[in-house]
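**Student:** have a look at this prediction, sequence included:
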Amino acid sequence: MKKVVVVGGGLAGLITAYILARKKVPVVLIEKKQYPFHRVCGEYISNETVPFLKSLNLFPSDFQPPHIDQLQLTSVSGREAIIPLDLGGFGISRYVFDHFIYQKCVEAGVQCQINTEAESILFQNDQFEIKTNRQTHTADVVIGSFGKRSKLDANLQRGFLKKRSPYVGVKYHIRTQHPANRIALHNFKDGYCGISNVEEGKSTLCYLTHRDNVKRFGNLPEMEKQILYRNPYLKKLFTESEFLWERPEVINEISFATKAPVENHILMCGDAAGMITPLCGNGMAIAMHAAKILSEVVSGYCEEKISREKMEATYQQQWNDHFARRLWAGRQIQQLFGSEWTSNLAVDLARYVKPAANYLVKSTHGQPF
Ligand SMILES: Cc1cc2nc3c(=O)[nH]c(=O)nc-3n(C[C@H](O)[C@H](O)[C@H](O)COP(=O)(O)OP(=O)(O)OC[C@H]3O[C@@H](n4cnc5c(N)ncnc54)[C@H](O)[C@@H]3O)c2cc1C
């Protein structure tokens, strides 16, 4: 029986491992952290994922995630538009959701190596050797689901690292008066901030900013006061909410550059294959959809129905067909955000030209799968 090693236990890795284990493929999942843990993420999940999650018994209904069907958009200076979201989504924290799926993986028989960091992946004589800080594994297939940026990217000399990325992501959990059915996207200079609700009446406040904003003011609280507060909606949120953590989760160097879905025979999944700009609220849906496509192709290889070449070519093709255009659209739309006049334009467009707003939302979202 062929053996699969999945490196990285975010949604992409967890769900791929879960599906393969249910198909009786031997799977090892390597994750450097220990569940449950917080991640920088807006925690809004598109409803396109619901049929898939329900079919696998992975929809987190016990946590009563709020249903979200409305988008509030505000510009840098505080102009506002509210548009309905046809497909909509739901809100759940990654702390809860990833842990829930991890437990499902354990039940399904995935061999989970948590608190374990993969240090290198080598392909030789049709086999992989994966070195971790604890032991060395061999495998027939390696799935790279190690997220937007990992030490492994440098080890594998991946092209997207050649260019530095200026984006910094920051996340808080707060308690505030925020309508449960709404996701808001508030612009500020060189960034934007999302807010939507998750389980237990909490809200996730998550923003993307430029590192020059942080450098200019030296620290996040000062930058928030000087830059984010200029949008009156953000000022109200920051000054009238209860912040539930002492410090936010922060990540640097978030890159939206194009990546290859297959590299050194490693099949990349989720952000490791390419990351959509966060304002689309679609990265998790893409990670899950890619996990679905990938696990089907890999199980074909494990059952010796297709060759390695066919497995790699099919996955690459399907990944491009499903996601390349959405990632491109996300990069274009992001250019409308973060400046006073383009964000006013985006808000006016959303307010007065409804078909244009619907077109922009649809161009980054997929169909239910
Ligand atoms: C600011 C911001 C806001 C966002 N908001 C949303 C949103 O509201 N909705 C949405 O759908 N998407 C959102 N996204 C995108 C979403 O978070 C990602 O697309 C999604 O998490 C991708 O899942 P993943 O499994 O590919 O990666 P991740 O969830 O990042 O998981 C990767 C895992 O790999 C592990 N890892 C890395 N290196 C190693 C190693 N060497 N060995 C072992 N383990 C390793 C990490 O610890 C991590 O657990 C947002 C992103 C950002 C930056």
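**Tutor:** Yes, it's here.
**Student:** check the gap between the spatially most central residue of the chain and the ligand for me.
**Tutor:** The residue lying closest to the centre of the chain (Cα atoms, centre = their mean) is residue 283, at 3.8 Å. Distance of residue 283 to the ligand, given as Cβ to the nearest ligand atom, to the nearest Å: 2 Å. (Glycine included, C-beta is placed from N, CA and C.)
**Student:** which SS state does the closest residue to that residue other than its chain neighbours fall under?
**Tutor:** Spatial nearest neighbour of residue 283, chain neighbours left out: residue 276 (5.2 Å); criterion: Cβ to Cβ, 6 or more residues apart in numbering. Secondary structure of residue 276, reduced to three states by DSSP: H, G, I helix; E, B strand; the rest coil: coil.
**Student:** residue 209: which element?
**Tutor:** Secondary structure from DSSP states H and E places residue 209 in strand 203-210.
**Student:** what's the next helix or strand after that strand in contact with?
**Tutor:** Scanning forward in sequence from strand 203-210 by DSSP H and E, the next helix or strand is helix 211-217. For helix 211-217, the surrounding residues in contact (Cβ atoms under 8 Å, 6 or more residues apart in numbering) are 166-168, 189-191, 220, 223, 226-227, 252.
**Student:** just the buried residues of these.
**Tutor:** 167-168, 189-191, 220, 223, 227 (16 or more other Cβ atoms under 10 Å).
**Student:** looking at the residues you listed, which are in helices?
**Tutor:** Judged by DSSP state H, helices contain the following of the buried ones among the contacts of helix 211-217: 220, 223.
**Student:** now, which of the buried ones among the contacts of helix 211-217 sits nearest the ligand?
**Tutor:** Nearest to the ligand among those, counting by Cβ to the nearest ligand atom, is residue 167 at 7.7 Å.
**Student:** what sits against the nearest residue to the closest one once chain neighbours are set aside?
**Tutor:** Of all residues not flanking residue 167 in the chain, residue 254 sits nearest, at 4.1 Å (Cβ to Cβ, 6+ apart). Counting by Cβ under 8 Å, 6+ apart, residue 254 makes contact with 148-149, 165, 167-169, 208, 275.
**Student:** and the least confident of these?
**Tutor:** Of all the contacts of residue 254, residue 165 carries the smallest pLDDT score, 92.
**Student:** can you redo the buried ones among the contacts of helix 211-217 as TSV with distance to residue 270?
**Tutor:** Below are the buried ones among the contacts of helix 211-217 laid out as TSV (distance: Cβ to Cβ, whole Å):
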residue	distance to residue 270
167	18
168	20
189	30
190	26
191	23
220	27
223	29
227	30
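**Student:** how about the closest residue to residue 260 other than its chain neighbours, phi and psi?
**Tutor:** Excluding the flanking residues, the one nearest residue 260 by Cβ to Cβ, 6+ apart is residue 268, at 7.1 Å. In this entry, residue 268 is assigned phi and psi values of phi -90, psi 140 (degrees, to the nearest 10).
**Student:** what segments of the stretch 151-300 of the chain are strands?
**Tutor:** Taking DSSP state E, counting those that start in this stretch, the strands of the stretch 151-300 of the chain run over residues 167-175, 182-188, 191-197, 203-210, 242-243, 249-254, 262-263, 266-268.
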